[in-house]
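*Asks:* Structure, please.
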Amino acid sequence: MRPGNHERIPTVFEAVKEAAAIVDPDGADDAVMALYEIYEDDDRPTTAVEDLPGEVLSSAEGIDPEGDDGPIMAAAAAAAWLATNPDQSEAGDHVVREGTRLLFKGDPPDSLAAWLAAKGVEA
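*Replies:* Numbers count the residues shown, from 1 in each chain. Next up, the predicted model:
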């Protein structure tokens, strides 16, 4: 008998928590911390959420309706990526880059593009 595949499925909170840690490791960005707090008790498996990228992006846009906080958009993008790639959190730049490509289809908002450029991450 072959061993089964025991791929870990993260909770929504785990994906958001790891994303916040990648984007704002010091916990200094209020918007990223607000996103963290919104999902703090969300123990749904990421696979159980019909449109997790859309849900997290909607939450980020609710926190920053002007869209001028690049880190909150980066955290939403990273959470979207980590939801389906849970063992990638050590590759921070890769997670943010791929999450941005996933969430924004190669056309990130200006604030996120500026934040990525300042970090030296290609979108």
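*Asks:* In this protein, spot the helix with the most residues.
*Replies:* In the chain, taking DSSP state H as the definition, the longest helix is helix 70-84.
*Asks:* Okay, buried residues for it please.
*Replies:* Buried residues in helix 70-84, counted by 16 or more other C-beta atoms under 10 Å: 70-83. All C-beta spots, glycine's among them, are computed from the backbone N, C-alpha and C.
*Asks:* for the lowest-mean-pLDDT helix or strand in the chain, packing partners?
*Replies:* Least confident helix or strand, the chain: helix 92-104 with a mean of 92, by mean pLDDT, DSSP states H and E. Using 3 or more C-beta pairs under 8 Å, 6 or more residues apart in numbering; DSSP states H and E, the elements in contact with helix 92-104 are helix 12-23, helix 52-63, helix 70-84, helix 110-119.
*Asks:* Need those helices in JSON lines (columns: distance to residue 91).
*Replies:* Formatted as JSON lines, the helices and strands packed on helix 92-104 follow (distance: least, C-beta to C-beta, whole Å):
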{"stretch": "helix 12-23", "distance to residue 91": "9"}
{"stretch": "helix 52-63", "distance to residue 91": "19"}
{"stretch": "helix 70-84", "distance to residue 91": "10"}
{"stretch": "helix 110-119", "distance to residue 91": "14"}
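*Asks:* got those helices as TSV, with distance to residue 104 and mean pLDDT columns?
*Replies:* TSV is the format used below for the helices and strands packed on helix 92-104 (distance: least, C-beta to C-beta, whole Å; pLDDT from 0 to 100):
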stretch	distance to residue 104	mean pLDDT
helix 12-23	15	96
helix 52-63	9	96
helix 70-84	7	94
helix 110-119	7	94
